[in-house]
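Enquirer: All I have is the shape, not the residue letters:
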């Protein structure tokens, strides 16, 4: 029986203040609660958003007291305690490697299946491909052959190595679409970076070369249960709506995982929908002293829930774009109170959208100076500027370009 069909009465109430205290502690965003390494920073939020190349770096910086960019690069490309992998909602994340078998078997498998179905249909629409499935299979086999025989390669290097991988249809190269499928299936990975930390041009690498000791994927049911357990530990209590959105999964998959875990319902402020906690995580969360944080575009914490009122309040129209992508955010005591941008000299400037205590404003400005020093004059761009970022940097409402 699904959790919804058999949901008992909530065991207790978790109010917004407690949810914000859990967020501060579980996500290591409060200065006194930061973790000690880049790998830990990824693990505390299940995985880091990595669609924008600078985001993992800035997300780690926000959660680790003393960390430089070379240390984060080592975590990504040498130690591989953070692994870039395409998963939920066809989004690129930085996973702790121990969660990859779960993701590959569940959320990533769903993405791969969708893309495997969509690509031949897209090719057929061009009217130039008599047998799209065969074309896709040939490109896939050629990618794997070239990588096996010649070693890791960028997308451009793959196209140079083989005419099959240089094919274009209706002006669009085919190989990147096939790499999307192979990466979601965990057969290739984005390996070493060939450009700086603010951009992305990885060398695609076969799985057995990048992660030779990775266990095989879990089943879909097992994988979703592992991911839901990790999410509840970090983000709970959260609703079924939150989980379905975060996983990019079906309600039936989420309900099955909640049931398998013995998840326990609690009531929440502002909604009649049940929140869920793991059965060994029901104790009230201790309070946390007021804190501040500056989080980057698409940070895992800002993007962690579908229902965001308990930490976002009325600020979504200014801090999220029309597609639901979060811009930079400024936090005080578990709530988003504004955003930040870099000025013409590269200094970080905080913009608050509501009244905050004088001490909070001073702390936010101190955190801005800390981030400014860490960036050391480098400007961070984004293709997901929030309306507030556009306003503060002078971008037009239609611009989706580099801010810096």
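Expert: In hand now; what should we look at? Everything numeric here is computed off the predicted structure, so don't read it as measured data.
Enquirer: does residue 147 sit in a helix or strand, and which one?
Expert: helix 132-150 (DSSP states H and E).
Enquirer: Show me what the helix or strand just after that helix is packed against.
Expert: Note on helix 132-150: by DSSP H and E, the next helix or strand toward the C-terminus is helix 155-161. In terms of contacts (3 or more C-beta pairs under 8 Å, 6 or more residues apart in numbering; DSSP states H and E), helix 155-161 is packed against helix 132-150, helix 175-184, strand 202-206. Every C-beta, even on glycine, is put in place using the N, C-alpha and C of the backbone.
Enquirer: For residue 230, the count of nearby residues, please.
Expert: Residue 230 sits with 20 neighbouring residues when counted by other C-beta atoms under 10 Å.
Enquirer: That one and residue 99: what is the separation?
Expert: Taking C-beta to C-beta, to the nearest Å as the measure, residue 230 falls 6 Å from residue 99.
Enquirer: Is residue 90 in contact with residue 248, as I believe?
Expert: Yes - using C-beta atoms under 8 Å, residue 90 is in contact with residue 248, at 7.5 Å.
Enquirer: which neighbours do these two share?
Expert: The contact sets of residue 90 and residue 248 overlap at residue 111 (C-beta atoms under 8 Å, 6 or more residues apart in numbering).
Enquirer: For residue 354, report the pLDDT, please.
Expert: Residue 354 is assigned a predicted lDDT (pLDDT) of 96.
Enquirer: among the helices and strands packed on helix 155-161, which is nearest residue 78?
Expert: For the helices and strands packed on helix 155-161, proximity to residue 78 was assessed by C-beta to C-beta; strand 202-206 is nearest, at 13.2 Å.
Enquirer: which other residues reach the closest one?
Expert: For strand 202-206, with C-beta under 8 Å, 6+ apart as the criterion, the contacting residues are 84, 143-144, 147-148, 152-155, 157-158, 179, 183, 187-194.
Enquirer: Now with 10 Å, please.
Expert: 53, 76-77, 84, 143-144, 146-148, 151-155, 157-158, 175, 179, 182-183, 187-195, 210-212 (C-beta atoms under 10 Å, 6 or more residues apart in numbering).
Enquirer: That one to helix 175-184, inter-axis angle?
Expert: Interaxial angle, strand 202-206 versus helix 175-184 (axes from the mean of the first three to the mean of the last three C-alpha atoms, to 10 degrees): 50 degrees.
Enquirer: Going by neighbour count, which residues in the helix or strand just after strand 202-206 are buried?
Expert: Following strand 202-206 in sequence order, the next helix or strand is helix 207-210 (DSSP H and E). By neighbour count, with 16 or more other C-beta atoms under 10 Å as the criterion, the buried positions of helix 207-210 are 207, 210.
Enquirer: Please identify the buried residues of the helix or strand hosting residue 125?
Expert: Per DSSP H and E: residue 125 is located in helix 107-126. Buried positions in helix 107-126, judged by neighbour count with 16+ other C-beta under 10 Å: 107, 108, 109, 110, 111, 112, 115, 116, 119, 120, 122, 123.
Enquirer: Stretch 309-316 now?
Expert: Neighbour-count burial for stretch 309-316 [16+ other C-beta under 10 Å]: 310, 311, 312, 315.
Enquirer: Could you report the distance from the third one to residue 336?
Expert: When you say that, I think you mean residue 312. Counting by C-beta to C-beta - residue 312 and residue 336 are separated by 5 Å.
Enquirer: Then the second one?
Expert: If you measure residue 311 against residue 336 using C-beta to C-beta, the figure is 6 Å.
Enquirer: quick one, the helix holding residue 125 and helix 175-184 angle?
Expert: 160 degrees.
Enquirer: Return the distance of helix 107-126 from the chain's centre.
Expert: Relative to its parent chain, helix 107-126 has a centroid offset of 22 Å by C-alpha atoms, centre = their mean, to the nearest Å.
Enquirer: between it and helix 132-150, what angle do the directions make?
Expert: Using the same axes, to 10 degrees: helix 107-126 against helix 132-150 is 120 degrees.
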